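> Fold the stuff below for me.
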Amino acid sequence: MYPTLIDLGFFELPSYGVLIATGVITALWTLKKRGDGAGMDGSRLVDFALWLVIWALLGAKILLVLVELPRYLSNPASLFGVLRAGGVFLGGFIAAVIAAVVLLKRYRLPALETFDVVVPSLALGQAIGRIGCLAAGCCWGASCNLPWAVTYTSEVATQRLGTPLHVPLHPFPVYAAIFNVFLYLGLAWLFSRRPPSGRIFAAYLMLYGIGRFLLEFTRGDAHRGFVFNGLLSTSQLISTILVGLGIGLWIWAGRRRAT
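Numbers count the residues shown, from 1 in each chain. As a prediction, this is how the structure comes out:
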């Protein structure tokens, strides 16, 4: 793990930030290519998506604070650590969807077709961003003794994020990155098949929700928040809702084309 890519004393370049930026740029590039190929205005889609990125970053940090609000209220100084943390992706996703609903009219974009063209690139950007999690030492996994377990050693990571050191852990960021790569490939393939409008977005909701729910069992950072007396993590609860919404949208989109 390399939480700091460059440290000159007076200037520090975090690995997480570099990889998040790389993920965003890659996602926007593939979005433009896919949008232009589908007969949509790729440049307009990129402009639209940039606003979603801004709101996603804000939403991710807001949910990070909300899931552990008592901890931050008891120690307000710890809020400064939120600026260095990536946040909770699902919080960013919800904020981005809300922003999209508001901005679609401004950019004169069709809702379902726009979501369909955006989500494959979103999955690809997530895959790259998760490598940033691995480098930074955040979103660490639960203890395990598997051959592919990772062991964190950076004192910087434990000081900033509380990353456990010198113990073998599930490489959750690696699991999530691999999952998102396959999700991107599956969604890109589905997009090429030209299904009814909304079904690619529905597939993303269902597949990401199922994958994230299962992957949460390998997480070890307990501060991410839990509900129902610890039965589910906050992300698992939201993932369950996403799966339900995805199933409903998939059925509705099919019936909409048939009528």
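> show me the contacts for residue 132.
15-20, 23, 86 (CB atoms under 8 Å, 6 or more residues apart in numbering). Placement of C-beta: from N, CA and C, glycine included.
> Could you identify the buried members of those?
Among the contacts of residue 132, those buried by neighbour count (16 or more other CB atoms under 10 Å) are 15-16, 19-20, 23, 86.
> any idea which of the residues you listed is closest to residue 198?
Using CB to CB, residue 23 is the member of these that lies nearest residue 198, at 25.0 Å.
> give me phi/psi at the closest residue to residue 115 other than its chain neighbours?
Counting by CB to CB, 6 or more residues apart in numbering, residue 115 lies nearest to residue 201, which is 3.9 Å off, once chain neighbours are set aside. Main-chain torsions, residue 201, degrees, to the nearest 10: phi -60, psi -40.
> So residue 201 sits against residue 117, correct?
No: Residue 201 is beyond contact range of residue 117, at 9.3 Å (criterion: CB atoms under 8 Å).
> where along the stretch 51-200 of the chain do the strands fall?
150-151, 168-169 (DSSP state E, counting those that start in this stretch).
> Excluding covalently adjacent residues, which one is nearest to residue 47?
residue 107 (7.2 Å).
> OK, contacts around that neighbour?
44, 47-48.
> measure the closest residue to residue 151 other than its chain neighbours to residue 200 for me?
Distances taken as CB to CB, 6+ apart put residue 168 closest to residue 151, at 5.4 Å, once the chain neighbours are dropped. Distance of residue 168 to residue 200, computed by CB to CB, to the nearest Å: 38 Å.
> cool, and residue 54?
Residue 54 is 24 Å from residue 200, by CB to CB.
> Looking at the two, which has the bigger crowd around it?
residue 200 (27 against 13; other CB atoms under 10 Å).
> returning to what we had before: please convert the strands of the stretch 51-200 of the chain to CSV, extending it with mean neighbour count.
Shown next, in CSV, are the strands of the stretch 51-200 of the chain (neighbours: other CB atoms under 10 Å):
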stretch, mean neighbour count
strand 150-151, 16
strand 168-169, 18
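> So which of those strands is nearest residue 245?
Of the strands of the stretch 51-200 of the chain, nearest to residue 245 by CB to CB is strand 168-169, at 31.9 Å.
> And the contacts of that closest one?
Here strand 168-169 has contacts from 140-146, 149-152, 220, using CB under 8 Å, 6+ apart.
> picking up where we left off before, going by distance to residue 59, which of the contacts of residue 132 wins?
residue 86 (12.0 Å).
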